[in-house]
Structures are given as structure tokens and as C-alpha cells.
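> Please work out how this folds:
(one chain, ligands or ions: 2)
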Amino acid sequence: MTPIQALQKYFGYNQFRLSQEAIIANVLNKQDTLVLMPTGGGKSLCYQLPAVLLDGLTIVISPLIALMKDQVDSLNLTGIPAAFLNSSQSPDEQKDIAIQLKNGEIRLLYVAPERLFGADNRMMGFLKTLNVVQIAIDEAHCISQWGHDFRPEYLMLAGLKNEFPNVPVIALTATADKLTQKDILDKLNLHQPAVFISSFNRENITYRVNPKKNSFNQLLTFLDARKDDSGIIYCLSRKSTEALAADLKEEGYAAEAYHAGLNNEVKARNQEAFLKDEIKIIVATIAFGMGINKSNVRYVVHMDLPKNIEGYYQETGRAGRDGLASDALLLYSPGDAIKLRSFATVENNREQSAIMLKKLDDMVNFCQLHACRRQFLMHYFDEPFPDNCGSCDFCLSEFVKFDGTLIAQKALSAVARLKERFGTTYLIDFLRGSKSEKIWADHKLLKTYGAGADISKADWQRYLRELIAQGFLQVSEDGYSSLRLTQKSEAVLRGDLQVELIASQVTDEQEHETQNY
Ligand code: ADP
Ligand code: ZN
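Ligands and ions are numbered 1, 2, ... in the order given. Now for the predicted structure:
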């Protein structure tokens, strides 16, 4: 059977998506593989289809015991023999599965990483007696401390390649930032891995960020136009998920809460009810969603600021897996950023704290952006995206644009004259000709010093953000967030490229929260 035949026969699809076909060919060729694909992109198929075609056992390592059963059930329904092994099963059940494994009756076995490397190494010993032909590591970013969902037990997977040197490993994740990506490759010891990065653009999702004022009323207005739709509403705290779910119920919405502090029975019940469309809304902390495959989620709302773009993108990505138009709404208040900032400091780990703060800054920049949100997101994931998307709040609204080439030239040449060694704050002081002591004496002699004194600090901040979003400047990851020039900025400095900026009719939002979740 060819891959495309298996796709049709077992999964009922006619075409491969994104780079699925190339990834599958690579695995069938016994090469180690890293797959970066957005949520909803179709990662599971990348190892499930080879599992059908290869003659032997595929081990799937997955962090969430609660979801294994669903995945295994749906595989069995499509006629692919699959099983899982975890602590929720009785010894008899486990023995039964072991027998089936020995008889070669199972194609995919789901296990949690801690189970694989259990204390007595019995599991590993057993698996090594079987004909293992593929190892899939789902949610592979959990191995990285730089990711947003680090799970220490994933570090044990470093030993996998030693135990199964000749078995191709396919690691999959929806987290794409470079640091995490490199970390995954290092920690898993993959052999000359092929890396497949799919476009992270989710065309059918419209991104909106509104200033948070009276969040409950804002939410009700949003929901009013979506009464029959399913959606996920994320809150920062467990308490607020419960309070908000209760208030929504009072307004007549079928909503339930979900967070890690609820007992397993309630969690399972609420999740199930949401999956089966018995309730329309799940109000959750970020504990909800990983691995959940509900295709008709029409919207994702963030009542509070997410900690980083990766998390935000993954959570919003749970909307619109069916490809139909969907909405992502974030209610932003600067107060949230201050709150998160205080959480972001990791004790005794300055390097990690710095990274987390930088990620939070990026998240705030995204919220305060007056430019195409999708373009910002794509650039964040290092994906070229030259034009405005036409389908985010910025692109859909009528901001007044003007020719900002001269302003851009001032900013860019100041960056050049400061030798790309300073961040936004210093640059603005420099451009505005600040008399502060911070400005080095020799900088006061440079040509562009004070060249932007006619523009307010707030406007400069906005313009610089736009220049970054439009790819005319880059924020370095050196820990100092110094601004760097890009290829595009050279063209602006030469006068070959025009820059459009947004006129500053937008007043900086103040925080008015009468009711906050
Ligand atoms: P991910 O793990 O990347 O978030 P999934 O593997 O859960 O995504 O796939 C998302 C959805 O897309 C699933 O409903 C899956 O069945 C569907 N899907 C996967 N591959 C294809 C394809 N080639 N054609 C159509 N639908 C697909
Ligand atoms: Zn846009």
C-alpha cells in the first residue's frame, strides 16, 4: 500500500496537508525527524500513517495520560490496532496488552515518558524484545526548559536513542521558536535529523486584541453574536474560571469550568460534555486543551494576558481546526503585564528569567501593536510574511496611514550610528536629544542625536514597534534587546523603500476594570 492509499483507506482523506507527505516519506526512510507544525496542522498523521505501513510497533510518547484513551479509541475505530499502557489500568488489563504486543497485534502503543523509564527498567527491557519500528515523541517541546510547558520527565527521553539506535525517532511540536527547537534536537540526540517547519499561518483565524475595560460586558457582547458556537475562554487563575463559568450560566450560556485543581471526574465530565457539544463554552486555565481534538471550536477568548506568544498561538490555534472562519479575542490590560512580570522571575536562574521576561515583552508588544497582527506573529516564528493579512483587527479597521519614510530613516540611521548596541528606551532618548546623563558623552556628538525631538516619546515607542513588526528593525536576543538593522532597513536608508506608519489618533488606553476575572 502506498502512503496516499493508506491515507484514503484508514483516514478517509484525499490529500496530504502541509508537509505531511515529505515527513512520512522521511520516516519510512528511517530518518530521524523533527516536525514543527501549528496546532491543528495534522501532526498525528505524520506518525500514525507510517505506523500503518511499517511492519512492526510504533511507540508513541505522550505527556497526557488523560488523552491517551481518546486517541487510542479513535484509532481502533478506524481499524488501526492501538493500545496504551498507564497507571489507570488494572494489572490484568496490562497483562492482556503485553500479550497482544508480544503477538505483534498492536501497531501503536501510547506510553508516558516516566512509564517508559520506570525505576526497574522493566518496561524498557520488555519493549526491546519487540519489533519496534518507529518512536514518536508528541509535544516534544516539553523537553525544553525554554519552552512554555517543561516537563522534567521528558528529560529521560534523552536515553531513547541509546536504547533504540536504529529506530527512527519523530519528534513533533507546535512550538516553533528557535531556542526550543535547538534544545529539542540537542536533548533527544537525534541523528542528522531532518527538520520540517510548516507554515504557522492559520488563515482562518481572525486575531483581535481589545483594551480590557469591563471584561465581563465585553465578553457578553462578543458572545451575543456567537450564541450557537463552541468556544474556549482562557483565564489566568483557577478561581476566575469557576466564577466566570457561573456568571455565564446565569446569563443563559451552557458553560463549565476546567482547571488542574478540579477532581479528575469533574474534569473528564466537563471535557467530554464540551467535546460532545453538550456544553458550548469551556472556561479554563491553560491546563485545558493540549491534545484536544475538537474541530468546530469557533472562538478562543483570552480574558487575561498570556505569558508568551507561543502559548497564545497554541491556545488560539485550537479554534478553527475544521478550516472555517474563527475568532481569537484577547482582552489586554497593562496591569496584567505588570502582574505577570512579577511571576516571570525564576529563582536562582537569571538566564531563564531573562528569557521569560523577553517573551512577556514580546507578548505585550503584540497587544500594543498598531500593525498587522498576523504579520507580527509570522515574523515572531521567523516566517516571511511580506504583506498585511487583511483579516486581523488592524487590517480590518481604518487606521490612518501616512508616509513615515523620513521618520523611519531617522530611527534606522540612529540605530546604525549607535552601532546596533542599544534598546528602544536609549534609542528614543537619543533621538529626542535627551539631556540625561545616561546618554554617553560621545553619543551627543553623533549626527542623528536629537533628530527626532519633535516626536513624543509615546509616538516614538509606537513607531519603533511598527518598524519592528514590519521587519525594518530586529530585536536581538542577546539579553539586552538591542535593536538591529535588517536587509529591509538598508533599502529604507538608501531611499529605495517607502515606509507606511499609522497616524497617532489612538490614545493610550487606561485601565478601567469594574469587573475582572
Ligand atoms: P495537531 O496534532 O497538529 O494539532 P491533529 O493531528 O490533531 O493536529 O489534526 C488536526 C485535524 O486535522 C484532525 O481532525 C485530523 O484528522 C485532520 N487532518 C489531518 N491530516 C489531514 C489531511 N491530510 N486532510 C484532512 N484532514 C486532516
Ligand atoms: Zn492583518
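> what's near enough to touch residue 135?
For residue 135, the residues meeting the contact criterion (CB atoms under 8 Å, 6 or more residues apart in numbering) are 58-59, 61, 160, 164, 167-170. Just so you know, the C-beta spots here come from the backbone N, C-alpha and C atoms, and that holds for glycine as well.
> likewise residue 236?
Contacts of residue 236 (CB under 8 Å, 6+ apart): 285, 303-305, 336.
> Helices - which of those residues land there?
Assignment to helices by DSSP state H places the following of those there: residue 336.
> Let's have the contacts of residue 236 in TSV, adding distance to residue 13.
TSV is the format used below for those (distance: CB to CB, whole Å):
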residue	distance to residue 13
285	33
303	36
304	37
305	37
336	41
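> Tell me where the stretch 151-300 of the chain has helices.
Secondary structure of the stretch 151-300 of the chain (DSSP state H, counting those that start in this stretch): helices at 160-163, 178-188, 215-224, 238-250, 264-275.
> by contact count, what packs against the last one?
Going back to what we said before, that points to helix 264-275. helix 65-77, strand 255-258, strand 281-284 (3 or more CB pairs under 8 Å, 6 or more residues apart in numbering; DSSP states H and E).
> In the longest one, which residues are buried?
What it means is helix 65-77. Residues of helix 65-77 classed as buried under the neighbour-count rule (16 or more other CB atoms under 10 Å) are 65-68, 70-72, 75.
> which one of those is nearest ligand 2?
residue 67 (33.1 Å; CB to the ion).
> do you know how far the closest one is from residue 266?
Residue 67 is 17 Å from residue 266, where distance means CB to CB, to the nearest Å.
> before we move on, what about residue 130?
In this structure, residue 130 and residue 266 are separated by 37 Å, where distance is defined by CB to CB.
> Next: residue 211.
Applying CB to CB to residue 211 and residue 266 gives a distance of 34 Å.
> I'd like the buried residues of helix 65-77 as CSV, with distance to ligand 2 and pLDDT appended.
Below are these laid out as CSV (distance: CB to the ion, whole Å; pLDDT from 0 to 100):
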residue, distance to ligand 2, pLDDT
65, 39, 77
66, 36, 74
67, 33, 79
68, 38, 87
70, 35, 85
71, 35, 89
72, 40, 94
75, 38, 95
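> Pick out whichever of those sits closest to residue 381.
Within the buried residues of helix 65-77, distances to residue 381 taken as CB to CB reach their minimum at residue 67, with 25.1 Å.
> In this structure the closest one contacts residue 292, no?
Yes. The pair formed by residue 67 and residue 292 meets the contact definition of CB atoms under 8 Å, at 7.4 Å.
> ok so, going back, dump the helices and strands packed on helix 264-275 into TSV; add distance to residue 448 as well.
Supplementary listing: these in TSV, determined by distance: least, CB to CB, whole Å:
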stretch	distance to residue 448
helix 65-77	55
strand 255-258	53
strand 281-284	49
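> wait, what's in contact with whichever residue of the stretch 301-450 of the chain sits closest to ligand 1?
Taking CB to the nearest ligand atom as the measure, the stretch 301-450 of the chain has residue 321 as its residue closest to ligand 1, at 5.1 Å. Under the criterion of CB under 8 Å, 6+ apart, the neighbours of residue 321 are 39-40, 293-297.
> Now the phi/psi pair for residue 106, please.
Residue 106 has phi and psi values of phi -120, psi 130 when expressed as degrees, to the nearest 10.
> which SSE is the residue lying closest to residue 389 once chain neighbours are set aside in?
Leaving aside its sequence neighbours, residue 389 sits nearest to residue 374 (CB to CB, 6 or more residues apart in numbering; 3.8 Å). Secondary-structure assignment from DSSP states H and E places residue 374 in helix 373-380.
> what sits up against that helix?
With contact meaning CB under 8 Å, 6+ apart, helix 373-380 is reached by 177, 200-201, 207, 209, 309, 313, 362, 365-366, 369, 384-385, 387-389, 391-395, 469-471.
> hmm, 7 Å instead?
The contact list for helix 373-380 (CB atoms under 7 Å, 6 or more residues apart in numbering) reads 200-201, 207, 309, 313, 362, 366, 369, 385, 388-389, 392-394, 469, 471.
> helix or strand right after that helix?
Secondary structure here is assigned by DSSP H and E; on that basis, the next helix or strand after helix 373-380 toward the C-terminus is helix 393-396.
> average pLDDT for that following helix?
This predicted structure assigns helix 393-396 an average pLDDT of 90.
> helix or strand right after that helix?
If you walk from helix 393-396 toward the C-terminus, the next helix or strand you reach (DSSP H and E) is strand 401-403.
> which parts of the helix or strand just after that next one are buried?
Sequence-wise, the next helix or strand downstream of strand 401-403 (DSSP H and E) is helix 405-417. In terms of neighbour count (16+ other CB under 10 Å), helix 405-417 has its buried residues at 407-416.
> For helix 405-417, list the C-alpha coordinates in CSV.
Extracted C-alpha coordinates of helix 405-417, given in CSV (Å, rounded to 0.1, in the frame of the first residue of the first chain):
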residue,chain,number,x,y,z
THR,A,405,9.8,57.1,5.5
LEU,A,406,11.6,60.1,6.9
ILE,A,407,10.8,59.0,10.5
ALA,A,408,11.9,55.5,9.7
GLN,A,409,15.2,56.8,8.2
LYS,A,410,15.9,58.8,11.3
ALA,A,411,15.3,55.8,13.6
LEU,A,412,17.3,53.4,11.4
SER,A,413,20.3,55.7,11.0
ALA,A,414,20.3,56.3,14.7
VAL,A,415,20.4,52.6,15.2
ALA,A,416,23.3,52.4,12.8
ARG,A,417,25.2,55.3,14.4
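> Would you mind measuring from the spatially closest residue to residue 146 that is not a sequence neighbour to ligand 1?
The shortest distance from residue 146 to any non-neighbouring residue, by CB to CB, 6+ apart, is to residue 179 (4.6 Å). As for residue 179, its distance to ligand 1 is 21 Å (criterion: CB to the nearest ligand atom, to the nearest Å).
> Residue 179: how many residues sit nearby?
Number of residues near residue 179 (other CB atoms under 10 Å) recorded here: 15.
> Tabulate the buried residues of helix 65-77 (TSV), appending distance to ligand 1.
As requested, the buried residues of helix 65-77 are exported to TSV (distance: CB to the nearest ligand atom, whole Å):
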residue	distance to ligand 1
65	17
66	16
67	11
68	14
70	11
71	9
72	14
75	11
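> Format the residues you listed as JSON lines; extra columns: distance to residue 47.
Below are these laid out as JSON lines (distance: CB to CB, whole Å):
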{"residue": "65", "distance to residue 47": "19"}
{"residue": "66", "distance to residue 47": "20"}
{"residue": "67", "distance to residue 47": "15"}
{"residue": "68", "distance to residue 47": "14"}
{"residue": "70", "distance to residue 47": "16"}
{"residue": "71", "distance to residue 47": "11"}
{"residue": "72", "distance to residue 47": "14"}
{"residue": "75", "distance to residue 47": "11"}
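> List the contacts of the lengthiest helix in the chain.
In the chain, taking DSSP H as the definition, the longest helix is helix 350-368. Residues external to helix 350-368 that are found in contact with it (CB under 7 Å, 6+ apart): 145-146, 209, 305-309, 312, 330, 332, 337, 340-341, 344-346, 373, 376, 380, 465, 479, 481.
> try 8 Å
145-146, 148, 179, 209, 305-310, 312, 330, 332, 334, 337, 340-341, 344-346, 373, 376-377, 380, 462, 465, 468-469, 477, 479, 481.
> In contact with the residue of the stretch 101-250 of the chain found nearest ligand 2, which residues are there?
Of the residues in the stretch 101-250 of the chain, the one nearest ligand 2 is residue 207, at a distance of 7.4 Å by CB to the ion. With contacts defined as CB under 8 Å, 6+ apart, residue 207 is in contact with 316, 328, 330, 373-374, 377, 392-393.
> 6 Å - rerun?
Residue 207 is in contact with 328, 373, 392, counting by CB atoms under 6 Å, 6 or more residues apart in numbering.
> The second one: neighbouring residues, count only.
Counted by other CB under 10 Å, the residues lying close to residue 373 total 24.
> Close to ligand 1: what parts of the stretch 251-400 of the chain are there?
Residues of the stretch 251-400 of the chain lying near ligand 1 by CB under 6 Å from any ligand atom: 293, 295, 321.
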